[in-house]
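Colleague: With the sequence up front, the predicted model follows.
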Amino acid sequence: MGCHINPAVTIGVLVAGKIAAKDAVVYIVAQLIGALLGAFVLQQILGGQLAGFSPGEWAYGSNGWGKGYQNEYGTTAAFLTEAVLTFIFLFVILATTSKVGNSTMAGLAIGLTLVLIHLVAIPITGTSVNPARSFGPAILAGGPALSQLGYLL
């Protein structure tokens with residue numbers, strides 16, 4: 001089954017018929033819990049600053065778009081960026097881990113693809129391509145990060 005800590009990857013693996021639906025649900029629930037715990041740990045670390053920490057609207061690495069978020073891209077640009085780059089990421093993962101893929105180079109291909117995706121998307125949405133990665137920070141940050149969460153999932 002492999003290691004996928006990304007619900008988008010789990011859904012791709014499910015559609016490819018490489019995981020049972022009941023297992024996919026368990027994976028996705030665990031991924032969301034893990035993301036929330038990771039964001040909680042970050043919240044606790046940042047809250048330990050001696051000078052005090054005041055989380056902003058986009059705290060804990062929340063993803064977003066629009067007025068007040070990084071370069072202020074619109075909803076369409078953010079959605080297209082995340083959709084296309086998530087598709088490319090899943091394509092590389094499924095292709096390199098398929099029977100005809102080169103499994104010895106899969107980690108390198110997947111890792112380099114993710115680096116390139118981040119270089120493109122960080123200025124636009126902060127880069128998600130992982131619904132769990134968006135979920136954890138948005139839940140704890142609240143505000144606009146939470147209100148935009150549905151668009152990033």
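Modeller: Cool, the structure landed.
Colleague: Show me what the longest helix seen in the chain is packed up against.
Modeller: Longest helix in the chain by number of residues (criterion: DSSP state H): helix 21-47. Where contact means 3 or more Cβ pairs under 8 Å, 6 or more residues apart in numbering; DSSP states H and E, helix 21-47 is packed against helix 7-15, helix 131-141. C-beta coordinates here come from the backbone N, C-alpha and C atoms, glycine included.
Colleague: Next, the buried residues of it.
Modeller: 24, 27, 28, 31, 32, 35, 36, 38, 39, 42, 43 (16 or more other Cβ atoms under 10 Å).
Colleague: sorry, back to before: point out the most buried one among the helices and strands packed on helix 21-47.
Modeller: Sort the helices and strands packed on helix 21-47 by mean neighbour count, taking mean count of other Cβ atoms under 10 Å, and helix 131-141 sits at the top with a mean of 24.
Colleague: Just want the angle from it to helix 21-47.
Modeller: Interaxial angle, helix 131-141 versus helix 21-47 (axes from the mean of the first three to the mean of the last three Cα atoms, to 10 degrees): 40 degrees.
Colleague: Helix 131-141 to helix 7-15, inter-axis angle?
Modeller: Using the same axes, to 10 degrees, helix 131-141 lies at 140 degrees relative to helix 7-15.
Colleague: Show the subsequent helix or strand relative to helix 131-141.
Modeller: helix 143-147 (DSSP states H and E).
Colleague: pull the CA atoms of that following helix into PDB?
Modeller: Output in PDB follows, covering the C-alpha atoms of helix 143-147 (Å, rounded to 0.1, in the frame of the first residue of the first chain):
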ATOM      1  CA  GLY A 143     -10.900  33.300  10.500                       C
ATOM      2  CA  PRO A 144     -10.400  33.500   6.700                       C
ATOM      3  CA  ALA A 145      -8.100  30.400   6.700                       C
ATOM      4  CA  LEU A 146     -11.000  28.300   8.000                       C
ATOM      5  CA  SER A 147     -13.600  30.000   5.800                       C
END
